[in-house]
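A.B. asks: Provided below are the primary sequence and the corresponding predicted coordinates.
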Amino acid sequence: MKRWGITFKLFVMTVVFFVCFYGMVILSQLFFFDSFYQQQKENRVEKHLKSFGSSYTSESWDTTRTSQELARFMLRNKTQLVIMKLDGKMKSEDPFHMKVMNEDGQIIAVSLSLFINQYGDEFSAANIKLDDPLTIQGDQLIEGDASSPELIFPTSIKKQGAAAIGDESEGGDTQFSGIVTEIVLPNLKIWNPRQGILFEALDEWFPLSEARVEQFKGLQMQKADWTAPWGGIRNSVMILPVQQRNGDIDLLFTVTSLQEVKDSNDALRWFFLYLGIGGFVFILILSYFYSKMVARPLIKLNKIAKRMVSLDFTGHPSIRQKDELGSLSNSMFTLSQSLDSALSELREANQQLVEDMERKQKMETMQQDFFANASHELKTPLSIIKGFAEGLEDGVSAAKQDYYIKVIIEESEKMGFLVNDMLDLFRLESGTTKLRKTSFMLTELTEKVADRLIHFLQEKQLQVMIIPANELPVYADAGWIEQVILNFLTNAIRHAEDGSTITVNVQSDEKSTVFSIHNKGESIPEDQLGQIWERFYRVEPSRSRLTGGTGLGLSIAKRILDMHGCSYAVENIEEGVKSMVRFEG
């Protein structure tokens, strides 16, 4: 390991960091954890005690509810709570108690907290329940009156048909038999055996001194650390005075054990001491291997350099370190970015050049095909016009002159239609046409086109029936779509039987609108259905505008529909041909 090299520096910094952090944890545990935990526990108990006192004074609990809330508070906070009067008399019953009705019908309360501390396993095994007959010996703690039952501390409890629990030899000043009418027990699995220490604390704090009585009358809360005289157990005593609606002041007396955190903290000190020794050795080993990991970026840079040799400049993040390795990484990263940018620009330029060349070649091919087809289509009408013009020049008879002139005009019109169609097709194929979309109804546009073709319809005694179904507006270029409808409807007229009806259906749903034209007549040969969209293709060779057309109508319709992203088809159906277009959205 080279001194002052990156591996050595990383090793030293890692060791220092972990040692400082570990030392801080151990010192905090040794000097501050005990007081911190005590403060947190006392604050939690104080908060819950004030909430308990507020509910106790505002809701006017009865004896049973008070016992239930006391038990809930004690189990939740792992502390002891009792309600006292200023004169030292216990106002609340032991939260863990039984009520037994003797033979005279008198209710006697039996305190169980200290008894369970001594005989918890035997008491649990007895499984005492409501209505069980019991015989109890014990000492009388509180004499009963009209408002509260007599309170007994048991020395022995015997369930009928079972062995006695406790020490019968201790006797007691009271013995009676009766039936259990109420029983409130703790969860013995989480029972704290030091909970009976509450009575030791009461003996030491009561009777109250005059100074404390005055403080409690002023509703001042008292907190103090208290050590049990018989076991040296540390506890926190909190006394919260609360004033009843009638003006009486009750004391909520709690005893919270702090011995657990002291015992745990003492054990943790030795644990952290041993762990610290082992941890320091582990830190040295971990730091050594961790410092060796600095070689990994060098391997990564070597792989990147090899990729750069192959003109692969991607996937190279910069290593951000202020040393030789970081500087080399930044330099390679900058170089790879520059080379990658230049190479990307070169590839884009080359791709654009290829696309331009392909587009130019395609345009040249289109132009050649266009002129070849156009010259072929124009050759026949030009020859006819030339022949009839020469006939006029040679002086044909007057009866034939009108016919020759009519033929020349018809062929001129054909040439005009053909030139217009070729120009439309050239504009569409060149990619320079921009769509001007608006919302419109297909039925209205179809009616407009049908009106323009009324003379052709009358010649063949045809009718156009337009049937809309839930029609919705379509969003498209109305001018170009009118050309599509004109071409489809013209083809339908051209191939429809004389005297038949051409049906136009327009049906919409939430997603699309379907436009279809059905004409009754001869079907298209199946082997020619895929060729009808080609330029200058005609199913039959007629040259009439109405019967043969220019051969560009469906090709123009195809380019227009492709620009709109529509699906379309021409198919043979029963007794005729159906053209269909689907407008999405």
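C.D. replies: Nice, thanks for sending it over. Numbers count the residues shown, from 1 in each chain.

A.B. asks: Next secondary structure after the host helix or strand of N420?
C.D. replies: Here N420 is covered by helix 398-430, with elements defined by DSSP states H and E. On the C-terminal side of helix 398-430, the nearest following helix or strand under DSSP H and E is strand 437-440.

A.B. asks: what comes up buried for that following strand?
C.D. replies: By neighbour count with 16 or more other CB atoms under 10 Å, strand 437-440 contains the buried residues F440. Where you see a C-beta, it was placed from the backbone N, CA and C, and this is true even at glycine.

A.B. asks: distance between that strand and the chain's centre?
C.D. replies: Centre-to-centre, strand 437-440 and its host chain are 39 Å apart (CA atoms, centre = their mean, to the nearest Å).

A.B. asks: Walk me through which strands that strand pairs with, and which way each runs.
C.D. replies: Paired with strand 437-440 in the same sheet, following DSSP bridges, are strand 474-477 (antiparallel).

A.B. asks: Sort out which residues of the strand it pairs with are buried, please.
C.D. replies: When neighbours are counted by 16+ other CB under 10 Å, the buried residues of strand 474-477 are found to be 474, 476-477.

A.B. asks: which residues touch it?
C.D. replies: For strand 474-477, contacts defined as CB atoms under 8 Å, 6 or more residues apart in numbering pick out 435-442, 481, 513, 560, 564, 583, 585.

A.B. asks: Find the nearest non-adjacent residue to A224, please.
C.D. replies: Nearest non-adjacent residue to A224, counting by CB to CB, 6 or more residues apart in numbering: V237, 5.1 Å away.

A.B. asks: quick check, nearest of the contacts of strand 474-477 to T64?
C.D. replies: Closest to T64 out of the contacts of strand 474-477 is G585 (72.1 Å), distances taken as CB to CB.

A.B. asks: Run a quick check on that closest one versus S508, I expect a contact.
C.D. replies: No. G585 sits out of contact with S508 when judged by CB atoms under 8 Å, with a separation of 10.6 Å.

A.B. asks: When those two are compared, which one has more neighbours?
C.D. replies: For G585 and S508, the more surrounded residue by other CB atoms under 10 Å is S508, and the numbers stand at 18 against 11.

A.B. asks: so the more buried one touches T443, yeah?
C.D. replies: No. Contact status for S508 versus T443: not in contact, 10.7 Å apart, counting by CB under 8 Å.

A.B. asks: Spit out the residues that contact those two alike.
C.D. replies: Shared between the contact lists of S508 and T443 (criterion: CB under 8 Å, 6+ apart) are residues E471.

A.B. asks: Buried residues, the strand or helix carrying the residue nearest to A224. List them.
C.D. replies: For V237, the host element (DSSP H and E) is strand 234-243. Within strand 234-243, the residues that count as buried by 16+ other CB under 10 Å are 234-242.

A.B. asks: What's opposite the residue nearest to M221 when sequence neighbours are not counted in the beta bridge?
C.D. replies: For M221, the nearest residue in space outside its immediate sequence neighbours is L240; the separation is 5.1 Å by CB to CB, 6+ apart. On the basis of DSSP bridges, L240 takes part in beta bridges with L252.

A.B. asks: if we can go back for a sec, now render the buried residues of strand 234-243 as CSV, adding pLDDT and distance to I573.
C.D. replies: What follows is those, written out as CSV (pLDDT from 0 to 100; distance: CB to CB, whole Å):
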residue, pLDDT, distance to I573
R234, 81, 100
N235, 86, 99
S236, 88, 96
V237, 92, 100
M238, 93, 95
I239, 94, 99
L240, 94, 94
P241, 94, 99
V242, 93, 94
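
A.B. asks: Quickly name whichever of the residues you listed is closest to R347.
C.D. replies: Taking CB to CB as the measure, S236 is the one of these closest to R347, at 77.5 Å.

A.B. asks: Please verify my assumption that the closest one contacts D225.
C.D. replies: Yes. When contacts are counted by CB under 8 Å, S236 is listed as touching D225 (6.1 Å).

A.B. asks: what sits in contact with each of those two?
C.D. replies: L258.

A.B. asks: For N491, give its distance to G576.
C.D. replies: Counting by CB to CB, to the nearest Å, the gap between N491 and G576 amounts to 12 Å.

A.B. asks: And the helices in the stretch 401-550 of the chain?
C.D. replies: Secondary structure of the stretch 401-550 of the chain (DSSP state H, counting those that start in this stretch): helices at 442-452, 454-459, 478-495.

A.B. asks: follow-up on the earlier one: what does the strand holding V237 contact?
C.D. replies: The list of residues contacting strand 234-243 from outside it, by CB under 8 Å, 6+ apart, reads 38, 41-42, 45-46, 49-50, 53-54, 56-57, 197, 201, 205, 216-217, 219-228, 249-259, 262.

A.B. asks: chain center to it: distance?
C.D. replies: Counting by CA atoms, centre = their mean, strand 234-243 comes out at 49 Å from the chain centroid.

A.B. asks: need the helices for the stretch 251-400 of the chain, in chain order.
C.D. replies: 259-292, 295-309, 324-393, 398-430.

A.B. asks: who touches the residue most central in space within the chain in this structure?
C.D. replies: The residue at the geometric middle of the chain, judged as the C-alpha nearest the mean C-alpha position with CA atoms, centre = their mean, is K511 (28.8 Å). By CB under 8 Å, 6+ apart, the residues touching K511 are 584-585.

A.B. asks: what's the spacing between it and V504?
C.D. replies: 21 Å.

A.B. asks: Name the spans of the stretch 101-250 of the chain whose pLDDT lies under the cut-off.
C.D. replies: Of all residues in the stretch 101-250 of the chain, those with pLDDT under 70 make up the ranges 141-149, 170-172, 187-196, 230-231.

A.B. asks: and the residue nearest to V25 when sequence neighbours are not counted, how many neighbours?
C.D. replies: Beyond its immediate neighbours in the sequence, the residue positioned closest to V25 (CB to CB, 6+ apart) is F272, lying 7.6 Å away. If you count neighbours by other CB under 10 Å, F272 ends up with 17.

A.B. asks: Same check on the one 5 residues further on?
C.D. replies: When neighbours are defined as other CB under 10 Å, I277 has 10 of them.

A.B. asks: Doesn't E46 lie inside a helix?
C.D. replies: Yes. The secondary structure assignment for E46 places it in a helix, going by DSSP: H, G, I helix; E, B strand; the rest coil.

A.B. asks: Phi first, then psi, for L453.
C.D. replies: The phi/psi pair for L453 (degrees, to the nearest 10) reads phi -100, psi 20.

A.B. asks: can you check Y37 too?
C.D. replies: Dihedral angles of Y37 (phi, psi; degrees, to the nearest 10) stand at phi -60, psi -40.

A.B. asks: Over to N246. Which of the three states is it?
C.D. replies: The three-state label for N246, taken from three-state DSSP, comes out as coil.

A.B. asks: picking up where we left off before, now, of the contacts of strand 234-243, which are buried?
C.D. replies: Members of these that pass the buried threshold by neighbour count (16+ other CB under 10 Å) are listed as 38, 41-42, 45-46, 49, 53, 56, 197, 201, 205, 216, 222, 226, 228, 250-259.

A.B. asks: winner for burial among the helices of the stretch 401-550 of the chain?
C.D. replies: Scoring the helices of the stretch 401-550 of the chain by mean neighbour count under mean count of other CB atoms under 10 Å gives helix 478-495 as the most buried, with a mean of 21.

A.B. asks: helices or strands up against that helix?
C.D. replies: Contacting helix 478-495 under the criterion 3 or more CB pairs under 8 Å, 6 or more residues apart in numbering; DSSP states H and E are the following elements: helix 442-452, helix 454-459, strand 501-508, strand 512-520, helix 553-564, strand 576-584.

A.B. asks: If we use 6 Å, what do you get?
C.D. replies: Here helix 478-495 is seen to pack against helix 442-452, strand 512-520, helix 553-564 when contacts are counted using 3 or more CB pairs under 6 Å, 6 or more residues apart in numbering; DSSP states H and E.

A.B. asks: what's the least confident stretch among these?
C.D. replies: Of all those, the segment with the smallest mean pLDDT is helix 553-564, scoring a mean of 84.
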